[in-house]
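Asker: Give me coordinates for this.
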Amino acid sequence: MIETRMETLVATDYLTRHRGRTLDLDIIHRAYRAFLAHDVDALLDTLSPDVEWVHPDGMAKYGLGGTKHGHDGVLEFLAHVPSVLGGMCLEPQEFVQSGDRVVVFGTRRVTSRRGRTETMPFVHSWTLRGGRAVRMEDIFDTVLFHRLIES
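Answerer: Numbering: from 1, shown residues only. Predicted coordinates for the structure are as follows:
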């Protein structure tokens, strides 16, 4: 009887701590942890080999706009970012899931090449299939981003 009660308490505790978490949410959390750790291999592990990596067309002036395709496209994008920015730290704050989509609201601290840092809101829309992200769309105020880059 004691063992059954203990198993029930453990199961209840797990469900309380992980209420609403799904495999898709776990994948997205892993992607942000990988990005924070600068672990490109771990990030790519969360992405489908044919992922679409989408940023606002308004960032094309800096080589950061448009859609990149596949792991090679993501790698190309990530390799280009340091030529435009001094640094960036993403801080996801809210995760909302509907079907195969996870939308993340957060802020990013972005540092220009000259050392000026600004905090800006972002929305990331992730689409998942088969345990991996097949699309990530980054939505943000490109005017603020332009001002920072040019400062």
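
Asker: so Gly58 touches Asp141, yeah?
Answerer: No - with contact defined as CB atoms under 8 Å, Gly58 does not count as touching Asp141 (9.4 Å). Every C-beta, even on glycine, is put in place using the N, C-alpha and C of the backbone.

Asker: residue closest to the middle of this structure?
Answerer: Against the mean C-alpha coordinate of the chain, by CA atoms, centre = their mean, the closest residue is Tyr32 at 5.0 Å.

Asker: Can you pull the poorly scored residue ranges out of this protein?
Answerer: Across the chain, the ranges flagged by pLDDT under 70 are 1-21.

Asker: Helix, strand, or coil at the residue nearest to the centre of the chain?
Answerer: With DSSP: H, G, I helix; E, B strand; the rest coil as the basis, Tyr32 sits in helix.

Asker: Chain neighbours aside, what residue packs nearest to it?
Answerer: Pro92 (5.2 Å; CB to CB, 6 or more residues apart in numbering).

Asker: Could you list which residues are in contact with that neighbour?
Answerer: 32, 104-106, 124 (CB atoms under 8 Å, 6 or more residues apart in numbering).

Asker: residues touching the spatially closest residue to Asp50 that is not a sequence neighbour, list them.
Answerer: Leaving aside its chain neighbours, Asp50 sits nearest to Gly70 (5.4 Å; criterion: CB to CB, 6+ apart). Gly70 makes contact with 49-51, according to CB under 8 Å, 6+ apart.
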